[in-house]
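Q: structure of the sequence below:
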Amino acid sequence: MADAGIDRLVQQVERTRVELEQALADPELTGDQVRYAEVGRRYAVLSDAFGLAATYRDAQARAEEARELLDEADDPEVRDLLREAEAELEQIPPRLRDAMLEPDPDDDRDTIVEIRAAAGGDEAALFARDLLEVYVKYAESQGLRAELLGTSPSDAGGFKEVTFAVKGTGAFARFKHEGGVHRVQRVPETESQGRIHTSTVTVAVVPEVQDVEVQVDQNDLKIDVYRSSGPGGQSVNTTDSAVRITHLPTGIVVSMQDEKSQLQNRERAMRVLRARLHERAKAEQDAELSETRRAQLGSGDRSEKVRTYNYPQNRVTDHRVEKSASLREQVLVGNLTEFTDALAAEERRLQLERQAGGAQ
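A: Coordinates of the predicted model:
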């Protein structure tokens, strides 16, 4: 006999199919092309699940019919039919659970990554630079392209803040788990006593969106232009080419100064702003408000971490999946695949867990 949890899952799949078919048949939906495309996408993604649910119901019916016939008289052929139907009922549930896992619609998008030095001063800024180099190498190893958007250099040669885009199919999927607080433990070059210092950087990862996807009212923007500067505040430009854009309704602020052209800096700032607004809207849609971004960034305190880079022990540990890898031989040369794959598997496990809870 099938357990009640599987039967509830099949009922959930059947309800979803009915709801989507009714939505697609609704004449009012065809007037909303964005919504219509989304419903159509979900229906296509879940089509295998719908087929498996139908097959499961058919196997249930065949098994029940065979049992009724066997109650009347034992028949070897009918017993074989029962075994076949029961085998299907055993094999379908795990396939059905997998088929019900909807991929993140943002996975195939380009992505924007923001790295900020947090606790640790110059040492944190130097690690922000090192982490940027790791990410660029990782992107290239995955057939992706990294594009530097903006930097805020530190006096010691690192970055107080750096923003870059990663372009290519699956960029967001490969980078989305990098969000959070990254902690580094190492002896700074300026440390004469050989003491290990602990510093942190925060990483935020957001999918990049087009202007047609996120409409920004120009009246909601406060745009300031100023002269760009380098480390220590020295001027590196004699014109007001740096741009700071404030989105008044949300308070989101984006600054860009790397390009000599004010127009280019503004365009880059708008790309980052649209990405942040898209992320915010997604979080609100999930009834989490802006918790997604705050969960990624945290406070930057040394006690908050998703990953620790321990230089003396030549080890990097991801605390979310309790997995470690070699620092110099793997991570610093841009090999993050072991972490990415483990985190993707954990994401899938949690999805299945939530799905099982929803079917109860």
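
Q: show me what the longest helix anywhere in the chain is packed against.
A: Looking across the chain with DSSP state H, the single longest helix is helix 47-72. Judged by 3 or more Cβ pairs under 8 Å, 6 or more residues apart in numbering; DSSP states H and E, helix 47-72 is in contact with helix 4-24, helix 76-99. For the C-beta atoms, the positions are set from N, CA and C on the backbone; glycine is no exception.

Q: just the helices in this structure please.
A: So, for the chain - with DSSP H - the helices run 4-24, 33-45, 47-72, 76-99, 122-141, 171-175, 262-285, 291-297, 337-358.

Q: restricting to C-alpha, output the fifth one in PDB.
A: If I follow you right, that is helix 122-141. The C-alpha coordinates for helix 122-141 follow below in PDB (Å, rounded to 0.1, in the frame of the first residue of the first chain):
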ATOM      1  CA  ASP A 122      43.100  47.300   5.500                       C
ATOM      2  CA  GLU A 123      43.500  43.500   5.900                       C
ATOM      3  CA  ALA A 124      39.800  43.100   5.100                       C
ATOM      4  CA  ALA A 125      40.200  45.300   2.000                       C
ATOM      5  CA  LEU A 126      43.200  43.200   0.900                       C
ATOM      6  CA  PHE A 127      41.100  40.100   1.200                       C
ATOM      7  CA  ALA A 128      38.300  41.700  -0.800                       C
ATOM      8  CA  ARG A 129      40.800  42.100  -3.600                       C
ATOM      9  CA  ASP A 130      41.900  38.400  -3.200                       C
ATOM     10  CA  LEU A 131      38.400  37.200  -3.200                       C
ATOM     11  CA  LEU A 132      37.700  39.200  -6.400                       C
ATOM     12  CA  GLU A 133      40.600  37.400  -8.100                       C
ATOM     13  CA  VAL A 134      39.300  34.000  -6.900                       C
ATOM     14  CA  TYR A 135      35.800  34.800  -8.400                       C
ATOM     15  CA  VAL A 136      37.200  36.000 -11.700                       C
ATOM     16  CA  LYS A 137      39.200  32.800 -12.100                       C
ATOM     17  CA  TYR A 138      36.200  30.700 -11.100                       C
ATOM     18  CA  ALA A 139      34.000  32.500 -13.600                       C
ATOM     19  CA  GLU A 140      36.500  31.900 -16.400                       C
ATOM     20  CA  SER A 141      36.800  28.200 -15.400                       C
END
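
Q: gap between Ala242 and Arg266?
A: For Ala242, the distance to Arg266 equals 10 Å [Cβ to Cβ, to the nearest Å].

Q: which residue of the two possesses the greater neighbour count?
A: The neighbour comparison of Ala242 against Arg266 (other Cβ atoms under 10 Å) goes to Ala242, with 23 against 20.

Q: quick revisit: so which of the helices of the chain is the most surrounded?
A: When these are scored by mean count of other Cβ atoms under 10 Å, the highest mean neighbour count falls to helix 171-175 (a mean of 24).
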